[in-house]
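**Student:** Predicted structure and sequence below. I'll ask about it afterward.
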Amino acid sequence: MIDLEKILIIGGVAAGATAAAKARRLSEDSEITIIEGGPDISFANCGLPYYIGGDIKNRSKLILQSPESFYDQYRVNVYVNTMATKIDRGNKVVETVNTVTGEKKTFEYTKLILAQGGKPIAPPIPGAEQPHVFQLWTLNDMDKIHSFIENQKPKTAVVVGGGFIGLEMTEALVKRGLKVSVVEMMPHVMSILEGEIAGFIQRELLAYGVNLYTNKGVTEIGKGKVKLNDNSEIKGDLVLLSIGVRPTLNLAKEAGLAIGESGGLLVDSTLKTSDDNIYAAGDMVEIEHRVLGKEVRIPLAGPANRQGRIAAENALGKKHHYKGSIGTSIVKVFDGVAGITGLSLKGARAAGFNADAVVVHKEHHTSYYPGAQQVTVLIVYDKETGVVLGGQTAGYKGADRRLDVLATAVANKLTVYDLADVDFAYSPPLGTANDAMNMAAYVAENRISGYSPAMTVSELDEYLDGKYPLWIDVRDEFSFNKNHVIGAVNIPLELLIGEISKMPKDRLILVYDDTGKKGHQALRILVGKGFTKVLNVSGGMESISRYAMAVTPKNFKVKLEAIEAKTLENEEVKKDKDEKKTQEEVPNIQKEGDEPLIIDVRTREEFQNGAYPSAVNIPLDQLPQMINKLGSKDRKIILYCATGARSGYALNFLRAHGFTNVENAGGLSKMMARKRKFFGF
Ligand SMILES: Cc1cc2nc3c(=O)[nH]c(=O)nc-3n(C[C@H](O)[C@H](O)[C@H](O)COP(=O)(O)OP(=O)(O)OC[C@H]3O[C@@H](n4cnc5c(N)ncnc54)[C@H](O)[C@@H]3O)c2cc1C
């Protein structure tokens, strides 16, 4: 039986509007009223950056309800421009003032729901009060930024704070043609992410020409420029301050409601405040972190909406317990996506968990289906139980899907063993039979059991303090030449066995490849040959380079590859153009002579990344069209590819067509090792 109540809600956006709608669905006859201090209710604040950037063309799309439509749909009385100024708990009334007319009015309640949210932190930086300095929280803020860009035509912008709103706005401002600089106090943007994940986002920002100033703060804002704490100056015709949000608590404090330890409004699991007749939800409250078991503030839209529902239910007499939040959040910056759920490795260890982490980078769908892109999965787990404590993902496609799986695992205390056994959706355009999530779980299992000892790059950077390991890069020499750990020895995996006798058994050996997969193979070879001090770098060179981009490593140095510039032209269109161009190129086959014809049967893209000197590229699929151009049937032909598999097919094909002097040299690294033979070194 639902009680009949006079429900009064202060704040009419995410938590407040949801609470009102839920209350009406539960109780036909209760009186429900929303008081909103601003001019709009139920607007899409998460969508504000996308209107500024031009992705959302119509401003009206951001307004989800008006007071009239809300009344028509839910019979909820909505008072906009109506600021609550006092809660009189004794008499159960709220005093308000109309911010336009100045009219004062009181509202009675039997149950009050506070959904006042928070406000962006306004840092006391000299110059912050100028008209070219903005914050973004409301439609009004958005309109001001929009019209400043339209009317003042700024050329440069400084975004202060590299959190998700700062980065979404960075993309928006780049899309409006501004040259943007991001200033971040912490070592990297999105400081809640591990370096291996944040580095992916930083690379994306740099590729689009954004300037990054990390480990730096703003000390003064001038006209057209901003001064940093190292006394340097950067250009900024427009400045956006985006350094976090503080809960709006003045009313609650003045009314004597209890404030919690993390600084949010204290509520119990039914979202009841220290007053039996007042509930609260959204950015203003502190709630239990489901993994930490501690009260925290998680100012995000998902929790605010769910809390709004529960506060309404309980205000109407139900007993619905809010389970707490795991803080799942995600950001898209240009084409890149990265997110986090639960605890980071550092956070888990700081909270006393016996935690470890692993990272994998794997294609988001089968590599043979066009458009495959790498997706990264990082899992933080308890070493004893395997329970998933947190996770992070990054990638262009499929990072959101994996993050949601991790969130489900964290919320339900699943283990890495559970994740290893899940059947994830698979068909070639949509996934792989061994999903990145399964793979990350296997890698965690292998680390837990000691079968494949590994460390993430951030862990290694701490662990290596005072140690002098031997780094072995097991990639081919072309990959090695592009980027590597300085001082690493390049021994491609295929050649490792041959070099083992020269390697020291008493020294710590760190093996790495591109993504961690071949590093694991190398580790197993070494362990099999009696090496005991070997570690595989989780996530391989991809993780190492991202980490080095995000954080200056303390205990090793990295040669990084130059970042390829990107433009706002659609990535798919660019790729199609590149593919078409390479398909049109006809390989130039050398004339017959003393030297053998060396054919690289990999794809054009693989060939362009590095190939045997003097090799011609005839991708396996194009061999039939080229067969008549290869010369006499007894000509010496050497074939190779990445691993020897495709060149094996090519060998059979050429033999079937009468070529008698053909050899499969195997993979690229084996081929490179023969160089001396051919050139007589
Ligand atoms: C630009 C931007 C992008 C975002 N993107 C994301 C995202 O992608 N994902 C995500 O999870 N979250 C995002 N968020 C955060 C998300 O919007 C908030 O977590 C969510 O809106 C919180 O809901 P809330 O109801 O607690 O507070 P709010 O939505 O802030 O609503 C509180 C309302 O209370 C009103 N109010 C306050 N005091 C009074 C008073 N005394 N009297 C009357 N009214 C009062 C305020 O005017 C305000 O309208 C974003 C926020 C912004 C600003």
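**Tutor:** On my side now, so go ahead.
**Student:** Check the gap between the nearest residue to residue 416 once chain neighbours are set aside and residue 345 for me.
**Tutor:** Once flanking residues are discounted, residue 416 sits nearest to residue 444: 4.0 Å by Cβ to Cβ, 6 or more residues apart in numbering. The way it works is simple: take the backbone N, C-alpha and C, and place the C-beta from them, glycine included. Applying Cβ to Cβ, to the nearest Å, the value for residue 444 to residue 345 is 12 Å.
**Student:** Of those two, which one has the most company?
**Tutor:** Neighbour tally, residue 444 and residue 345, criterion other Cβ atoms under 10 Å: the higher count belongs to residue 444, 27 against 23.
**Student:** Next, the contact list for the more buried one, please.
**Tutor:** Taking Cβ atoms under 8 Å, 6 or more residues apart in numbering, we find residue 444 in contact with 356, 358, 379, 381, 386, 416.
**Student:** cool, and residue 428?
**Tutor:** 365, 366, 368, 369.
**Student:** rewinding a little: just the closest of the contacts of residue 444 to the ligand, please.
**Tutor:** residue 379 (22.1 Å; Cβ to the nearest ligand atom).
**Student:** thinking that closest one is in contact with residue 406, fair?
**Tutor:** Yes: counting by Cβ atoms under 8 Å, residue 379 touches residue 406, with 6.9 Å between them.
**Student:** Show me whatever sits in contact with both of those two.
**Tutor:** Counting by Cβ under 8 Å, 6+ apart, the residues touching both residue 379 and residue 406 are 388, 390, 391.
**Student:** Assumed the second one was part of a helix.
**Tutor:** Right, the one you point to is residue 390. No: the assignment for residue 390 (DSSP: H, G, I helix; E, B strand; the rest coil) gives strand, which keeps it out of a helix.
**Student:** Spit out the contact partners of residue 120.
**Tutor:** So residue 120 contacts 135, 136, 137, 241, 242, 243, 244, 245, 246 (Cβ under 8 Å, 6+ apart).
**Student:** Please read the previous query as pertaining to residue 593.
**Tutor:** Applying Cβ under 8 Å, 6+ apart, no residues contact residue 593.
**Student:** and for the host helix or strand of residue 94, what are the contacting residues?
**Tutor:** Secondary structure from DSSP states H and E places residue 94 in strand 93-98. By Cβ under 8 Å, 6+ apart, the residues outside strand 93-98 that reach it are 8, 10, 35, 79, 81-88, 103-109, 112.
**Student:** average model confidence for that strand?
**Tutor:** Per-residue pLDDT over strand 93-98 has a mean of 98.
**Student:** List the buried residues of it.
**Tutor:** 93, 94, 96, 97 (16 or more other Cβ atoms under 10 Å).
**Student:** What is the neighbour count of the residue in the stretch 451-600 of the chain that the ligand sits nearest to?
**Tutor:** Using Cβ to the nearest ligand atom, the single residue of the stretch 451-600 of the chain nearest to the ligand is residue 568, 21.0 Å away. For residue 568, the count of nearby residues is 11 (other Cβ under 10 Å).
**Student:** Which pLDDT value does the model give residue 577?
**Tutor:** 62.
**Student:** let me fix that: residue 676
**Tutor:** For residue 676, pLDDT reads 45.
**Student:** likewise the one 5 residues further on?
**Tutor:** We have a pLDDT of 21 for residue 681.
**Student:** Next: residue 614.
**Tutor:** pLDDT at residue 614 comes out at 88.
**Student:** Wait, it touches residue 599, no?
**Tutor:** No: if you go by Cβ under 8 Å, residue 614 and residue 599 don't touch, sitting 10.8 Å apart.
**Student:** If you count surrounding residues, which of the two has more?
**Tutor:** More neighbours surround residue 599 than the other of residue 614 and residue 599, with 27 against 13 (other Cβ under 10 Å).
**Student:** before we move on, what SS does the more buried one have?
**Tutor:** Note that with three-state DSSP, the state of residue 599 is strand.
**Student:** Show me what it is bridged to.
**Tutor:** residue 616, residue 639 (DSSP bridges).
**Student:** Tell me the pLDDT of it.
**Tutor:** Residue 599 is assigned a pLDDT of 95 by the prediction.
**Student:** show me the residues around it that make contact.
**Tutor:** By Cβ under 8 Å, 6+ apart, the contact list for residue 599 reads 615, 616, 617, 618, 637, 638, 639, 640, 650.
**Student:** same question, residue 385
**Tutor:** By Cβ under 8 Å, 6+ apart, the contact set of residue 385 is residue 415.
**Student:** Please name the residues that touch the residue in the stretch 201-350 of the chain positioned nearest to the ligand.
**Tutor:** Here the stretch 201-350 of the chain gets closest to the ligand at one residue, residue 282, 2.1 Å apart by Cβ to the nearest ligand atom. Counting by Cβ under 8 Å, 6+ apart, residue 282 touches 11, 14, 15, 16, 115, 116, 117, 299, 303, 304, 307, 308.
**Student:** And these, which of them are buried?
**Tutor:** Taking 16+ other Cβ under 10 Å as the criterion, what is buried in the contacts of residue 282 is 11, 14, 15, 16, 115, 116, 117, 299, 303, 304, 307, 308.
**Student:** Show the buried residues in the contacts of strand 93-98.
**Tutor:** 8, 10, 35, 79, 81, 82, 83, 84, 87, 107, 109, 112.
**Student:** picking that back up, who wins on neighbours among the contacts of residue 444?
**Tutor:** residue 381 leads those on contacts (other Cβ under 10 Å) with 33 neighbours.
**Student:** Could you check the pLDDT of residue 571?
**Tutor:** On the pLDDT scale, residue 571 gets 57.
**Student:** Outline the domain layout of the chain.
**Tutor:** If you go by automatic domain parsing, the domain ranges for the chain are 6-119+247-315, 133-243, 335-451, 455-559, 583-673.
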